[in-house]
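**Q** I would like the atomic coordinates for the input below:
(2 chains)
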2 protein chains.
Amino acid sequence: MRDSMKHQIRILGIDDSPFDFGENAALVVGAVVRPPMYLESVMKTEVAVDGRDASKKVVGMVSGSRYQDQIKLIMIDGIALAGFNVLDLDFIHTSLEIPVLTVTRDKPDFSKMQAALMKYFPDWRERLALLKKHELREIPTEHKPLYASGLGLQWREFEELVKASTVRGALPEPLRIAHLVATAMVEGESHGRA
Amino acid sequence: MRDSMKHQIRILGIDDSPFDFGENAALVVGAVVRPPMYLESVMKTEVAVDGRDASKKVVGMVSGSRYQDQIKLIMIDGIALAGFNVLDLDFIHTSLEIPVLTVTRDKPDFSKMQAALMKYFPDWRERLALLKKHELREIPTEHKPLYASGLGLQWREFEELVKASTVRGALPEPLRIAHLVATAMVEGESHGRA
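**A** Numbering: from 1, shown residues only, chains lettered A, B, ... in the order given. The predicted structure follows:
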């Protein structure tokens, strides 16, 4: 991708904050970034820990934003926010008409997730179905691969946008910046692998 | 300044959030940036609206940070946070042993500020003395000049660090990013001239 093209693109990265057991909600932060790393806007919402509102809250946050029409891709750190508040990628994509890509650095362990869901959630079948609905694919980076699921773009385009927005390490800037902000707002200072 | 040098430098930008009358505290956000624009860390604190704790809170935020020893310059958006919570630049500089630069885009109107201070604050003389203690100088940019006061570096060095960390517009990235985050956390989405 040419530099002049990259700079015109806006990618929204979304990550949630850490939360303690007993807390009802987690902060969710969105960072609008022009690749490779120019931060253009920040937004936030809150979602219920282990709730079912994450998809609606994400759609509400983006559709209330001045950047809705300019976002080329929404990258989300993982397929669930605030614990097991699993995202419905089809709902998000259909509601906003924006491509969506979930990205994780650790390979999801579906059997472990299924066991946890079955133990704690009467609606575990629905949550598990959302978790597994879209194929998990590897995206190569200069470090370890990323694990991603997406819809709305050709896979080659997802890979190009991840590459165009990655500066150091393996994590794209929209996700790294959203992580830094979400962590700092809850813990006082950002930390972790971002 | 050579690019290889710029990338090794860390600048902490500090800005406060908007607040409504009647609120007791404003959020203050710090963004650690490697010039020109790589966001490395985010931190936060809170200061009392129109209080006297801003200097101590800034010192506490930075001295509790893992980046204290690596910050080459603290840039602060203006000489006061959260209304008229005026900063004591000498206290900050002496406590942290880090150079400090306050930066504003609008030329401060000291006579107007003095009138407001006299009207509302019994300790107006002390606040005014802090406001005016350090010489206000212009820093040229590609747009309108910035107005700045600083201590701990040669003026030429302040100007170089402002230039090295400015990407678009006149505001250096550490301040622009701190502003985006502080605004978004209070209003839901960043806005304003940043």
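
**Q** tell me the contacts of the residue nearest to A:Asp106 when sequence neighbours are not counted?
**A** With sequence-adjacent residues excluded and distances taken as Cβ to Cβ, 6 or more residues apart in numbering or on different chains, A:Asp106 is closest to A:Tyr147, at 7.5 Å. The C-beta positions use only the backbone N, C-alpha and C, and glycine is treated the same way. When contacts are counted by Cβ atoms under 8 Å, 6 or more residues apart in numbering or on different chains, A:Tyr147 is found next to A:Val103, A:Thr104, A:Arg105, A:Asp106, A:Lys107, A:Pro108, A:Leu136, A:Arg137, A:Glu138, A:Ile139.

**Q** and A:Tyr147, what pLDDT?
**A** On pLDDT, A:Tyr147 comes in at 97.

**Q** now A:His93
**A** Predicted confidence (pLDDT) at A:His93: the value is 98.

**Q** and what of A:Asp53?
**A** pLDDT for A:Asp53: 98.

**Q** which residues does the residue nearest to it when sequence neighbours are not counted bridge with?
**A** Excluding the flanking residues, the one nearest A:Asp53 by Cβ to Cβ, 6+ apart is A:Val47, at 5.6 Å. Bridge pairing for A:Val47 (DSSP bridges) gives the partners A:Ala26.

**Q** distance of A:Glu187 from chain B?
**A** Computed as Cβ to the nearest Cβ, to the nearest Å, the A:Glu187 to chain B distance reads 9 Å.

**Q** quick one: secondary structure of the residue nearest to that residue when sequence neighbours are not counted?
**A** Spatial nearest neighbour of A:Glu187, excluding adjacent residues (Cβ to Cβ, 6+ apart): A:Pro18 at 6.5 Å. The three-state label given to A:Pro18 by DSSP: H, G, I helix; E, B strand; the rest coil is coil.

**Q** where does chain A have its least confident helix or strand?
**A** helix A:3-6 (a mean of 73; mean pLDDT, DSSP states H and E).

**Q** Is chain B within reach of that one?
**A** No: figure legend: helix A:3-6 not in contact with chain B (Cβ under 8 Å from any Cβ of the partner chain); closest approach 14.3 Å.

**Q** Spell out which parts of chain A neighbour chain B.
**A** So far as Cβ under 8 Å from any Cβ goes, chain A lies against chain B at A:29, A:37-39, A:41-45, A:61, A:64-66, A:167-168, A:176-177, A:180-181, A:183-185, A:188-191.

**Q** The spatially most central residue of chain A and chain B, how far apart?
**A** A centroid search over chain A (Cα atoms, centre = their mean) returns A:Ile76, at 0.8 Å, as the residue closest to the centre. A:Ile76 sits at a distance of 18 Å from chain B (criterion: Cβ to the nearest Cβ).
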